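Enquirer: This is a predicted model, with the sequence first.
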There are 2 protein chains.
Amino acid sequence: MNKENKEKITPKEARQMFRDGLVATTSNWALGYAQANLAILPREDAYDFLLFCFRNPKPCPILEVTEVGSPEPFTVAPGADLRTDLAGYRIFKNGECIEETQDITGWWRDDLVAFLIGCSFSFEEALINAGVPVRHIEKGKDCPIYKTEVDCIPAGRFSGPLVVSMRPVPSQLVSRAVTVTARFPSVHGSPAHIGNPEGLGIRDLSSPDWGDPPDINPGEVPMFWACGVTPQAVALNSKPELMITHVPANMFITDVWNESLAAL
Amino acid sequence: MNKENKEKITPKEARQMFRDGLVATTSNWALGYAQANLAILPREDAYDFLLFCFRNPKPCPILEVTEVGSPEPFTVAPGADLRTDLAGYRIFKNGECIEETQDITGWWRDDLVAFLIGCSFSFEEALINAGVPVRHIEKGKDCPIYKTEVDCIPAGRFSGPLVVSMRPVPSQLVSRAVTVTARFPSVHGSPAHIGNPEGLGIRDLSSPDWGDPPDINPGEVPMFWACGVTPQAVALNSKPELMITHVPANMFITDVWNESLAAL
């Protein structure tokens, strides 16, 4: 088993490689399986965060919440250990990143709760399978991401703006891109906004807040999906005493087939 | 305005009537608007209850969670007061019902959180509109409800069995009944189980745990939807210090159109 078969290895094999010390981004690893964003918070902040995610399901679709003090995601990856099975972690104290590490066993505490949040990789696979082109993948670039002027619904100490990713889609495929992604509410679901970037307060599509500037062809419509950057940004904004996240693009690989996430 | 126009009055008018002291069950009130189950718990128990609902979305589809200490459901009924706007409440101390009342203002505390949970009235309207007969309504009876031998996924202090309601459906309409209700995940969604009552541990359909025995015609298939009795039963099972619920069939009437609850 080596990195060259990354598309075909199982999620369990991938997690073992990261546990053994491999550092790599997880795009195109274990194709067909859902990957997840990670946010770890103390129990004290977990209720407000869970409620924030419930109130804002498009940016914050939760795949799993661990029991207090347990690092095992017992439904999406039984037996996995969220302290070791990702390639990289960031430690935030009072909203400031103080360390990047490959193992958070030393940081783990009995009062921590881990949230796994759906990732756009899953719905991009669905778009491609349905014949909807995903431009930034075609071009080998990072997806453009924008902070909007639309506020999420606040919950307790958590509040902040919606963050969106943008994919330009030929106008005759816009409906298909909606229906294909609407089947997957647990990985951001259907777009939050279609066309009219000004409606989100985005004045210049060519200057994203994160990622690469987009390549938009004539006749293509910008489609905006709620982005998993939202919950992390909102949580950090409130400066929790401790928060641990994955390093961007170093996702947690679950045992769940993307297709099994289709709405019941 | 009087009870005779109950189908056509607005949710706000209905709530005012209950606030003014009217006692009535809410079936067929304010047709087209979603009604909700109510569960009020102290903040201390709210995280485990919210997580239980998230992990068991079919029996526990949450429509709204109020801010700690606030009796206003600010998204589904802005301006309403959950302490007065239902026709009847039950007060449970340590799992035991100690009082039934029409006003819980005297019981309200700064640490209480109110959960509004989707109700089968909404999907029954969708079934009828789609031409799927709903037998117990046709017969003027109460829907049969069964405790199953299937366990919900536990969360913290909350655990217990799935409770289901049953509607017999002609076999050629079973698919339609699935697709119609699948559009409404926030009011229990598609059935949890279809046919084969033994698979749920139900040995005798004619002896429901609650409601009236069903009338099943030859060739009809029993369809089981997850039931809002589940979260109340599970919560009471854990004997919370204080829990307040609605009186059965005295639901909270929201300002939300049933149709607007269709999955995005």
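Expert: Yep, that arrived.

Enquirer: so what's A:Phe158 closest to, chain neighbours aside?
Expert: In space, and not counting its chain neighbours, A:Phe158 is closest to A:Phe52: 4.2 Å by Cβ to Cβ, 6 or more residues apart in numbering or on different chains. For every residue, glycine as well, the C-beta is placed using N, CA and C.

Enquirer: The one you found: which element?
Expert: Under the criterion of DSSP states H and E, A:Phe52 resides in helix A:43-55.

Enquirer: What is the neighbour count of the nearest residue to A:Val68 once chain neighbours are set aside?
Expert: Closest residue to A:Val68 apart from its sequence neighbours, by Cβ to Cβ, 6+ apart: A:Arg43 at 5.1 Å. Other residues near A:Arg43 come to 14 when the count uses other Cβ atoms under 10 Å in any protein chain shown.

Enquirer: Can you verify my assumption that A:Arg43 contacts A:Val113?
Expert: Yes. Using Cβ atoms under 8 Å, A:Arg43 is in contact with A:Val113, at 5.7 Å.

Enquirer: how many other residues sit next to the residue of chain A found nearest chain B?
Expert: Closest approach between chain A and chain B, counting by Cβ to the nearest Cβ: A:Tyr47, at 4.0 Å. By the criterion of other Cβ under 10 Å, A:Tyr47 has 25 neighbours.

Enquirer: who's in contact with A:Ala36?
Expert: A:Ala36 makes contact with A:63-64, A:76, A:116-119, A:251-254, according to Cβ atoms under 8 Å, 6 or more residues apart in numbering or on different chains.

Enquirer: give me that answer again for 6 Å
Expert: For A:Ala36, the contact set (Cβ atoms under 6 Å, 6 or more residues apart in numbering or on different chains) comprises A:63, A:116, A:119, A:252, A:254.

Enquirer: what's the angle between the helix or strand of chain A with the lowest mean pLDDT and helix A:43-55?
Expert: Sorted by mean pLDDT, DSSP states H and E, the helices and strands of chain A end with helix A:229-237, the least confident at a mean of 88. Interaxial angle of helix A:229-237 relative to helix A:43-55 (axes from the mean of the first three to the mean of the last three Cα atoms, to 10 degrees): 150 degrees.

Enquirer: Could you list every helix and strand that helix A:229-237 packs against?
Expert: Packing partners of helix A:229-237 (3 or more Cβ pairs under 6 Å, 6 or more residues apart in numbering or on different chains; DSSP states H and E): strand A:161-170.

Enquirer: Could you check which helix or strand contains A:Arg15?
Expert: helix A:11-19.

Enquirer: ok, how many other residues are close to A:Val113?
Expert: Neighbour count of A:Val113, defined by other Cβ under 10 Å: 23.

Enquirer: That one and B:Pro57, how far apart?
Expert: For A:Val113, the distance to B:Pro57 (Cβ to Cβ, to the nearest Å) stands at 19 Å.

Enquirer: And the residue nearest the centre of chain A, how far from A:Asn37?
Expert: Chain A has A:Cys119 as the residue nearest its centroid, 3.5 Å off, counting by Cα atoms, centre = their mean. As judged by Cβ to Cβ, A:Cys119 and A:Asn37 stand 6 Å apart.

Enquirer: Any chance you could list residues touching both of those two?
Expert: Counting by Cβ under 6 Å, 6+ apart, the contacts common to A:Cys119 and A:Asn37 are A:Gly228.

Enquirer: list the buried ones in stretch A:104-118?
Expert: For stretch A:104-118, the buried set under the neighbour-count rule, 16 or more other Cβ atoms under 10 Å in any protein chain shown, comprises A:104, A:108, A:112-118.

Enquirer: what does stretch A:26-38 give?
Expert: A:26, A:29-30, A:33-38.

Enquirer: hang on, isn't the residue of chain A closest to chain B packed against B:Asp45?
Expert: No. Here A:Tyr47 does not reach B:Asp45: they are 10.4 Å apart, not a contact under Cβ atoms under 6 Å.

Enquirer: Might you enumerate the residues of chain A proximal to chain B?
Expert: When proximity is defined as Cβ under 6 Å from any Cβ of the partner chain, chain A approaches chain B at A:47, A:50-51, A:65, A:189-190, A:264.

Enquirer: if we can go back for a sec, generate CSV for the contacts of A:Ala36, with pLDDT and distance to B:Met223 as supplementary columns.
Expert: Formatted as CSV, the contacts of A:Ala36 follow (pLDDT from 0 to 100; distance: Cβ to Cβ, whole Å):
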residue, pLDDT, distance to B:Met223
A:Leu63, 96, 28
A:Leu116, 97, 32
A:Cys119, 93, 34
A:Phe252, 97, 37
A:Thr254, 98, 31
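
Enquirer: returning to that earlier point: quick one: the residue nearest to the residue nearest to the centre of chain A when sequence neighbours are not counted from A:Glu13, how far?
Expert: Counting by Cβ to Cβ, 6+ apart, A:Cys119 lies nearest to A:Gln35, which is 4.8 Å off, once chain neighbours are set aside. Distance, A:Gln35 to A:Glu13, using Cβ to Cβ: 15 Å.

Enquirer: quick revisit: can I assume the residue nearest to A:Cys119 sits in a strand?
Expert: Yes. Counting by DSSP: H, G, I helix; E, B strand; the rest coil, A:Gln35 is located in a strand.

Enquirer: got a list of what it touches?
Expert: Residues near A:Gln35 by Cβ under 6 Å, 6+ apart: A:26, A:119, A:121, A:251, A:253.

Enquirer: taking these one by one, which sit in helices?
Expert: With DSSP state H as the criterion, helices contain A:Phe121 from among the contacts of A:Gln35.

Enquirer: Point out the least confident one among the contacts of A:Gln35.
Expert: Ranked by pLDDT, the contacts of A:Gln35 bottom out at A:Phe121, which scores 90.

Enquirer: For the helix holding A:Phe52, buried residues please.
Expert: A:45-55.

Enquirer: just curious, which of those is nearest to B:Ala130?
Expert: B:Ala130 lies nearest to A:Phe54 out of the buried residues of helix A:43-55, by Cβ to Cβ, at 28.7 Å.
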